[in-house]
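**Q** okay, sequence plus prediction incoming.
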There are 2 protein chains.
Amino acid sequence: MKISSHAVAGMLGTWQEGPGPAHQRLSDRLRLLILDGRLFLGAALPSERDLAVALGTSRTTVGTAFRTLVEHGYLATQARTRATVRLPDDTTPEHLVGTDAETIDLSFAAPAAPVEILHAAFATALEQLPRHFERHGYDRYGTAELREAVARWYQRRGLPTRPDHILITNGAQHALALLTRVLLSPRDKVLIDHPTYPHAITTFTQARARLLPVAVTSSGWDTEQLQAAGQAANLAYLIPDFHNPTGMCMPTSVRQQLRLACPTVVDETMTDLALDVPSPEPLALHMPTAISIGSVSKSVWGGLRTGWIRALPSLLERVEQARPTTDLGTPVVEQLATAVLLNEHQTQRPDTLQQLRSQRDALWQALTEHLPNVHAPQPAGGVTLWAAFPGPVSSRLAAMAPDHGVTIAAGPRFGIGGAFERNIRLPYTLPSSQLAQAIRRLAQAAQALAQGATGTHTLAPIA
Amino acid sequence: MKISSHAVAGMLGTWQEGPGPAHQRLSDRLRLLILDGRLFLGAALPSERDLAVALGTSRTTVGTAFRTLVEHGYLATQARTRATVRLPDDTTPEHLVGTDAETIDLSFAAPAAPVEILHAAFATALEQLPRHFERHGYDRYGTAELREAVARWYQRRGLPTRPDHILITNGAQHALALLTRVLLSPRDKVLIDHPTYPHAITTFTQARARLLPVAVTSSGWDTEQLQAAGQAANLAYLIPDFHNPTGMCMPTSVRQQLRLACPTVVDETMTDLALDVPSPEPLALHMPTAISIGSVSKSVWGGLRTGWIRALPSLLERVEQARPTTDLGTPVVEQLATAVLLNEHQTQRPDTLQQLRSQRDALWQALTEHLPNVHAPQPAGGVTLWAAFPGPVSSRLAAMAPDHGVTIAAGPRFGIGGAFERNIRLPYTLPSSQLAQAIRRLAQAAQALAQGATGTHTLAPIA
């Protein structure tokens, strides 16, 4: 796929700041974009001339940077075609071989599986399975059992919902992909939280939308800014409940005032992970046109790939029609097990929430101890801290951290225009002892970076 | 989503043939396209002027046809915007309420579930599940167990394959969607069998590709035509093994000669359903660059939504990177159960194949008896007959057949440019007695149609 010069310039952001010659800053920055997957393998870069124009720099600078990347194996060139992204032959992507057992993975924000609970849910699902055997098993809306269970989940949260308001998907990201396909046209504008969930950014960008970022700061959301951006947007995507990556929860007062003029997708994946506050009210309670998406991947286990869309039946009908361009349905047994989990309220387990609380506190404590210059607001729920370093080190740290036995998700993956180069997302889904160990390693990596070390690690996938 | 006048003209095909005024033929044809979902709900049609130009007809004809559709509730219009597709308020889409228990569903080509075999596979999967609980469960390549099982499936078929040649998907259609995203750019040309699998057509069309159809006739594939089209194409999609919908199997001689110049996706979903001939050799045995996709939905059960891609690791890496724009992985339990099924050779069950044979023969017998003018070549495998009526009745029959208690998939859904209006696909996956009953009802519907009856049923989804 070809990447426009505009898109590359957006990803490069503030590349011109910093020491050293411009071509070196540019090649270094492009290398980091390749390593962390924002410039993906096989992507065709714009021509040197086009990129130079978009960056407001000389063609010589771009040409030199490209040649450096070719020399080091990050770009392939052929006569008369665009340079395409590759990886050096000696760089085995982490995710192909699996993460080294010794390496601590802080790039995934995902809880450990509740073993007995999952086993019991699947055992019940198996008992119920025979009644589905008469049907062909393809079902783009999902089974009645799960649609009812999800509707009840909303009912318990105070939002009247019928099963025909629910369409079952293969996780919340699949829900977002389907809604993007139905609601978004090329060059449409999408309001997003900034930072936001990286896979949402990719989904909108690949749909050739233009992004309208609205800051989520440590003081939360600004209603006026959201409403103003909503006037210009064709679609909004918000994570009001224990926002990923910042952990912020949108206050009730903002929820009550917020009226976005455009269709608004509300990601409720974290809703059940309230740690210090009551579970938030559904945004759709105050904004009835809101389209909700959710899943059990964060509240139960990522290996359960079920999610849902809550919307008017007329919109779900369009989603159902568009669905075959991604898949033909969600597996039946998986749906039955998820229905059991939702009906038994297993997405809000007091012991798991207690454990998350103590892990969050252990992570916080380790940061204070080993990285005292790093600042992170304490989130009231969800699974992540949004840590801020004093300087723009995030991408370089991510490319090097595996040398010190830890993988992290760099801040710029959660934003656009090269923003958040000071930030990294730190999930607290691992045991406290591992979290403390990971932060010790990260502190060593940061120290090595300050002493001039560089890294060439590609990032593991994130979720 | 906006539909171009070119696309609409393509779908309308030979609308100008036939009796009655042009505007009536046009509105009738557009109505059928809406009913069978090719013009989907919410789609924005081109302007009257643009469509008139594309169709080589007058603006008055198009305007009159549009007004008829508005009157009958098939189009919504607003000042200064394009007309959008809707359904009349009294038409409840079949698929929302589920198929009437009395209605026989011939639109889905999917086998009944093998109850005990599935139950045993999931029980084994549950036993293996705990070893996956330590990981977060998100895995874009799939579990080691299933990748190994699929590799062995290819090995058994004579094709050396390692687990790192395999990426697990949510069914073969998901595999195709992912490959389309990685391999296809807008305006690229795609070689397809003609007819072919409808969801493949949709996938390519929505990726804004241009289709190069190569006929699959009752004498099979023409090697020279395929190679010529392959020269012009950027991608090819072939179903050589018991082709859906025709049931044809590409002869070994063609497989040995065929060398397509473009990347070629080979759909092997039906491979294990050989009825009268040995299982075909993998096309990749002769064309090593072929990318194979497969699933167990036809050979075991559609409710198991697992499939795979077999390709070089370098291509799989690009697929893995592109995957988050559709989903974040395939559920773990589902994969473990599928691995059990493949390892135990449950995708080729002699009793099921014997049952399919007798159902195929029963369907054939019923056709001869009740619809003697309908011609259908006897397929050597797969799950469908491709029946040809003496006249172009297919779409109208599909819109009316539910009034007689049977749903069918009209021929034009399997082709482009309005082709196959004489054909319908008839699956033989139901018990013989139901198939015979379905054909009796279809014969009644055909008779009613001949006497001037019309229908307004939307089609159920197909697979």
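**A** That came through fine.
**Q** residue A:295 contacts residue A:269, doesn't it?
**A** Yes. Counting by CB atoms under 8 Å, residue A:295 does reach residue A:269; the two are 5.3 Å apart. Every C-beta, even on glycine, is put in place using the N, C-alpha and C of the backbone.
**Q** spit out the residues that contact the two alike.
**A** A:172, A:307 (CB atoms under 8 Å, 6 or more residues apart in numbering or on different chains).
**Q** residues near the residue in the stretch 1-150 of chain A that chain B sits nearest to, how many?
**A** In the stretch 1-150 of chain A, the residue that lies nearest chain B is residue A:137 (2.5 Å; CB to the nearest CB). Neighbour count for residue A:137, taken as other CB atoms under 10 Å in any protein chain shown: 26.
**Q** what helix or strand is it on?
**A** For residue A:137, there is no host helix or strand (DSSP states H and E).
**Q** got a pLDDT number for the residue in the stretch 351-463 of chain A that chain B sits nearest to?
**A** At 4.6 Å from chain B, residue A:463 is the closest residue in the stretch 351-463 of chain A, using CB to the nearest CB. Looking at residue A:463, its pLDDT stands at 79.
**Q** and it, what does it touch?
**A** Residue A:463 neighbours (CB under 8 Å, 6+ apart): A:108, A:109, A:110, A:199, A:297, A:302, B:136, B:138, B:328.
**Q** my reading is that the first one lies in a strand. Confirm?
**A** To tie it back to what came earlier, the one meant is residue A:108. No. Counting by DSSP: H, G, I helix; E, B strand; the rest coil, residue A:108 falls outside a strand, being coil.
**Q** apart from its chain neighbours, what residue comes closest to it?
**A** Closest residue in space to residue A:108, ignoring its immediate chain neighbours: residue B:136 at 4.8 Å, by CB to CB, 6 or more residues apart in numbering or on different chains.
**Q** all helices of the stretch 1-150 of chain A, in order?
**A** Applying DSSP state H, counting those that start in this stretch to the stretch 1-150 of chain A gives helices spanning A:5-12, A:22-35, A:48-55, A:59-71, A:94-97, A:115-128, A:144-156.
**Q** ok, of those, where does mean pLDDT dip lowest?
**A** helix A:94-97 (a mean of 36).
**Q** and the residue of the stretch 301-450 of chain A closest to chain B?
**A** Residue nearest to chain B within the stretch 301-450 of chain A (CB to the nearest CB): residue A:303, separated by 2.6 Å.
**Q** now for that residue: which residues touch it?
**A** A:113, B:132, B:133, B:135, B:136, B:137, B:138, B:331, B:332, B:333.
**Q** related to what we said a few turns ago, ramachandran angles for the residue of the stretch 1-150 of chain A closest to chain B?
**A** As for residue A:137, its main-chain torsions (degrees, to the nearest 10) stand at phi 90, psi -20.
**Q** cool, the one 5 residues further on as well?
**A** Main-chain dihedrals, residue A:142, degrees, to the nearest 10: phi 100, psi 170.
**Q** what is the burial count for it?
**A** Residues near residue A:142, counting by other CB under 10 Å: 24.
**Q** and it, what does it touch?
**A** Residue A:142 touches A:166, A:167, A:168, A:169, A:308, A:329, A:330, A:335, counting by CB under 8 Å, 6+ apart.
**Q** within reach of chain B, which of those residues are there?
**A** A:329, A:330 (CB under 8 Å from any CB of the partner chain).
**Q** which one of the contacts of residue A:142 is nearest to residue B:26?
**A** residue A:167 (33.5 Å; CB to CB).
**Q** who does the helix or strand hosting the closest one pair with, and is each partner parallel or antiparallel?
**A** Secondary structure from DSSP H and E places residue A:167 in strand A:166-169. Looking at strand A:166-169 with DSSP bridges, its partner strands are strand A:307-310 (antiparallel).
**Q** is the next helix or strand after the partner strand up against chain B anywhere?
**A** Following strand A:307-310 in sequence order, the next helix or strand is helix A:313-322 (DSSP H and E). Yes. Interface with chain B: helix A:313-322 contributes A:313, A:314, A:317, A:318, A:320, A:321, A:322 (CB under 8 Å from any CB).
**Q** once you drop chain neighbours, what's closest to the first one?
**A** In space, residue A:313 comes closest to residue A:164 once its chain neighbours are excluded; the distance is 5.1 Å by CB to CB, 6+ apart.
**Q** I am finished for the moment; much appreciated.
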